[in-house]
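>>> Quick check, what structure comes out for this input:
(one chain, ligands or ions: 1)
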Amino acid sequence: MRRCGQHRREAIMKHQFEQLRLDSVCRSFVNTEGQSVAALQGLDLNIRRGEFIALLGPSGCGKSTALNCIAGLQPLTDGGIWLDDERIDGLPPEKRGFGMVFQNYALFPHMSVLDNVGFGLKMRGIPKAETVKRAREALQLVQLVGHEKKLPGQLSGGQQQRVAIARAIVIEPPLILMDEPLSNLDAKLRIEMRAEILRIHTQLDRATIYVTHDQDEALSMADRIVVMKEGVVQQVATPKEVYGRPKNLHVARFMGYRNVLPFTLEGVQGEGATVESNGVRLVGVAMDGFDSKRVSVALRPEDMERAAPGTGNAFDATVTTVEYGGRDSLIRVKSAFGELWARVAGEFSEGEGITLRVSTSRTLVYDGEPS
Ligand code: ATP
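Take a look at the predicted model:
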């Protein structure tokens, strides 16, 4: 930990790495019918020291499997994992020495907070005085000083997760693995804990790999996001890129581009693509090279705004459903090119006519029909 003395700091530096490399990592399971099912299909990933990486994707896409393979809790079916020049995928979890934080905290209920945090050090044969000192330092880092003697059951969910984080970092791991650590907490606490986890990550200067299915969590926390689908990486990029330039329709849908509609491609000029459907012409961003005139346009409800008729990228529609949301309303509208969702300020009634527009940079055009 940074606040420790020079001697400790040097010792920690020896544990640091420059790069964790996953090379074509595959992991298969045998299902109840005796067939082999691939949970990870050739995962390639380079993680640098100090990075915060989010593994993002829907349930069952292989996020936890990837984390467990890195931790050593599951063997690989194929491929390799390297920490700088050392191949580590044959090593047991304790030899890898990564810190792990799980969704369900996994604390020992009958042990005090201090003993829970010090447990890993005790198992490593660290003398008692040193164990207590380091456990106290870790509790200080997660801001739980004063709770040392309590049992986990006497703490709130957020505090229990802090104990779990302290227990993971007390062994001074080069890499911290977190599997949906905030999903048992309520919405307000989740947002507070995001900031807390980032503070701890920055203070420790280690790499963190964080599994989540929550886009907002990944966008607000990660340096880079790995978007997965059915065991295959779809995109590895910064939050800004994943949000603004999703690589394919799957990533776009997952990042909230809820409206995906078929259009006909009229032309491409540099990065821009002009598309048409039933008399509505839109100019958007060409996200692909185009093999045919059949394209898909992806639009986020939040990127729609009311406009005067005849404005660029504007279209007329009729409101069919209204979900009142206070500051704005989520409305479903029927346009000449299909039905879509829009989140716009104001109050609406069903049957009302409306003109909407969406900027060119937020109109994403992909090759092929919507899948
Ligand atoms: P979630 O967000 O629901 O935890 P995930 O993205 O973490 O999902 P994994 O738990 O990694 O997904 O599972 C990936 C696939 O591997 C799923 O199809 C799952 O059913 C399968 N799988 C995972 N563990 C096992 C297992 N022990 N035996 C058989 N199949 C498994």
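>>> Helices of the stretch 101-250 of the chain, residue ranges please.
Taking DSSP state H, counting those that start in this stretch to define them, one finds helices in the stretch 101-250 of the chain at 113-123, 128-141, 157-169, 187-204, 215-221, 239-244, 249-254.
>>> would a markdown table of those helices with mean neighbour count be doable?
The C-beta positions use only the backbone N, C-alpha and C, and glycine is treated the same way. A markdown table is the format used below for the helices of the stretch 101-250 of the chain (neighbours: other CB atoms under 10 Å):
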| stretch | mean neighbour count |
| --- | --- |
| helix 113-123 | 21 |
| helix 128-141 | 18 |
| helix 157-169 | 23 |
| helix 187-204 | 16 |
| helix 215-221 | 19 |
| helix 239-244 | 17 |
| helix 249-254 | 21 |
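>>> What does the spatially closest residue to residue 97 that is not a sequence neighbour show for phi and psi?
Leaving aside its chain neighbours, residue 97 sits nearest to residue 173 (5.5 Å; criterion: CB to CB, 6 or more residues apart in numbering). When read as degrees, to the nearest 10, the backbone of residue 173 gives phi -80, psi 150.
>>> Turn the helices of the stretch 101-250 of the chain into TSV, columns for mean pLDDT.
Below are the helices of the stretch 101-250 of the chain laid out as TSV (pLDDT from 0 to 100):
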stretch	mean pLDDT
helix 113-123	92
helix 128-141	92
helix 157-169	90
helix 187-204	87
helix 215-221	94
helix 239-244	96
helix 249-254	94
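>>> With distance to the ligand as added columns, please give those in a markdown table.
Formatted as a markdown table, the helices of the stretch 101-250 of the chain follow (distance: least, CB to the nearest ligand atom, whole Å):
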| stretch | distance to the ligand |
| --- | --- |
| helix 113-123 | 24 |
| helix 128-141 | 27 |
| helix 157-169 | 17 |
| helix 187-204 | 16 |
| helix 215-221 | 13 |
| helix 239-244 | 17 |
| helix 249-254 | 12 |
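>>> Residue 37: which of those helices is closest?
Residue 37 lies closest to helix 249-254 among the helices of the stretch 101-250 of the chain, at 19.4 Å (CB to CB).
>>> packing partners for the next helix or strand along the chain from the closest one?
Using DSSP states H and E, the helix or strand that follows helix 249-254 in sequence is strand 259-269. Applying 3 or more CB pairs under 8 Å, 6 or more residues apart in numbering; DSSP states H and E, one finds that strand 259-269 contacts helix 249-254, strand 272-277, strand 280-286, strand 294-299, strand 338-345.
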